[in-house]
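Trainee: Sequence plus predicted model, see below.
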Protein chains: 2
Amino acid sequence: MSTQQSRSDAIYASLRRAILEQALKPGVKLPEDSIGDTFGVSRTSARNALLRLAADGLVDIRPNRGASVAMPALEEAEEVFALRRCLEREVIERLCRRMPKDGIDALISHVREEERALKASSPRSIRLAGEFHILLAELTGSKLLIDFVSQVVSRSSLILARYGRPHSAECGIDEHIQLIEALKNLEANTATDIMEHHLHAVEDRAKAHDKEASPDIAEVLERYRSMADNL
Amino acid sequence: MSTQQSRSDAIYASLRRAILEQALKPGVKLPEDSIGDTFGVSRTSARNALLRLAADGLVDIRPNRGASVAMPALEEAEEVFALRRCLEREVIERLCRRMPKDGIDALISHVREEERALKASSPRSIRLAGEFHILLAELTGSKLLIDFVSQVVSRSSLILARYGRPHSAECGIDEHIQLIEALKNLEANTATDIMEHHLHAVEDRAKAHDKEASPDIAEVLERYRSMADNL
DNA sequence: ATAAGATAAATTGCATGCAATCTCAAGATC
DNA sequence: GATCTTGAGATTGCATGCAATTTATCTTAT
């Protein structure tokens, strides 16, 4: 998405993080007023950010009813993961054909960050687990592929947030490590198998009870507004 | 995309058609004022439509510089078609596993429409050729897959509009027919081969000179505004 | 003449106001 | 007691106005 009107950028980024880190759970309403107020801007800018999040599939906008964090149905889960397997297979094939020279290093350092966040039991770990897959896509260099993978990963996070076990945050870091190893040796089949297994594990984790009601919005928004982009 | 605020809907649909039928060529500027004026609405609604088109990849929005019909670079062409092959392969596999009972009929009737439009040398034929592939995706029933296929098809159209031969409108209708036949017999491999060949043909067609300058915008907008949704 | 600079016109970024629509609770009806 | 109606409050849809940025035009100097 090439659009960016500076003021809605910050809002977009903050909201996105809040949703992906499950601070804002599926179904939570996102009124333009509240958002505008907490960020000190008008509804116009808030609306703009919401519109972009809707394009990413992270929020639902229903006419005259406003925006809320998207609530993917259970049937969608299968769709999403099927497509995700399709796309990530393509990513791996391309990376085994041509891996940028600093690629492996970037992956390793990302996993290190995942481990750090997990040890600190930071909510970042949830988001970072997803962004590992986005990083893989980025290494292919294909803008479209990055975009599509981002979308399926985002939606997966949403599904996990809605149906998954609370804070399923171990998130298969070891599988990420195995995958890196296979990629380093250009073993496409092995890598694909690991990925397949990994995604099935994630998908299985998405088969539990509904979650408890969510806390106050204003508080969450304020927290994520003040956070800088400390990754 | 679940968003729709009634007034921008009409604008969105009209602009989309105009772009896909190559009445608005890549690079053409799309000022909010002009659009709002021709459609008798304020810039706000026009802007909203543009924002959605940007999410589809049909227009580029650069900060403080406004919107214009997207101009995919030549390097993007390869990306787009590679991903398109990946996605459409998935579509075919799914359809061979489970084809809705009226699916074949729907495809046949669509191709008939393509033929009609081609005979009348209507600009619709260009758009319909793309929408055949979207229809295929729709038959899978997967919202996400429909969405993704729509995007790659749209971008393909843009690439064809920019680099392809002028009005390359034969558009391989016969290949569409062959594909339907293979799908009817559930021959996944044959279908995939045909699709592969078909997409390569389309891609090859996207290798020519730059195009001539485009005509007046206002005129085009007015034409597409007054058109009802006669498919 | 060409290039650089200044001024004016056009266009977007953003905020705000009003009308339309939706939400939800209180009261009326069966 | 349950359902339907009514109305107030909240929230979005849309238009418009102003400031900021960009783009185009016209000087001016080399």
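Mentor: The structure has been received and is ready for your questions.
Trainee: so how far is chain B from the one residue in chain A that gets nearest to DNA strand D?
Mentor: Nearest to DNA strand D in chain A, going by CB to the nearest atom of the strand, is A:G66, at a distance of 2.7 Å. Quick note: C-beta positions are derived from backbone N, CA and C, even for glycine. From A:G66 across to chain B, the span is 11 Å (CB to the nearest CB, to the nearest Å).
Trainee: Which elements pack onto the longest helix seen in chain A?
Mentor: The residue-count maximum for a helix in chain A (DSSP state H) belongs to helix A:74-97. If contacts are counted by 3 or more CB pairs under 8 Å, 6 or more residues apart in numbering or on different chains; DSSP states H and E, helix A:74-97 sits against helix A:124-140, helix A:143-163, helix A:173-184, helix A:188-205, helix B:74-97, helix B:143-163.
Trainee: run the last query once more with 6 Å
Mentor: Packing contacts for helix A:74-97, counted by 3 or more CB pairs under 6 Å, 6 or more residues apart in numbering or on different chains; DSSP states H and E, involve helix A:124-140, helix A:143-163, helix A:188-205, helix B:143-163.
Trainee: In terms of mean pLDDT, which of those helices ranks lowest?
Mentor: Among the helices and strands packed on helix A:74-97, helix A:188-205 carries the lowest mean pLDDT, a mean of 64.
Trainee: So for the next helix or strand after it, mean pLDDT?
Mentor: Following helix A:188-205 in sequence order, the next helix or strand is helix A:217-226 (DSSP states H and E). On average, the pLDDT along helix A:217-226 is 72.
Trainee: Just the CA coordinates for helix A:217-226, please, in CSV.
Mentor: Backbone C-alpha positions of helix A:217-226 (Å, rounded to 0.1, in the frame of the first residue of the first chain) are rendered in CSV as follows:
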residue,chain,number,x,y,z
ILE,A,217,-10.3,0.6,25.0
ALA,A,218,-9.1,4.0,26.0
GLU,A,219,-6.5,2.6,28.2
VAL,A,220,-5.1,0.3,25.6
LEU,A,221,-5.1,3.1,22.9
GLU,A,222,-3.2,5.4,25.3
ARG,A,223,-0.6,2.8,26.0
TYR,A,224,0.0,2.1,22.3
ARG,A,225,0.0,5.8,21.4
SER,A,226,2.8,6.7,23.7
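Trainee: number of nearby residues for the residue of chain A closest to DNA strand D?
Mentor: A:G66: 16 surrounding residues under other CB atoms under 10 Å in any protein chain shown.
Trainee: Let me know the angle separating the longest helix of chain A from helix A:124-140.
Mentor: Here helix A:74-97 runs at an angle of 50 degrees relative to helix A:124-140 (axes from the mean of the first three to the mean of the last three CA atoms, to 10 degrees).
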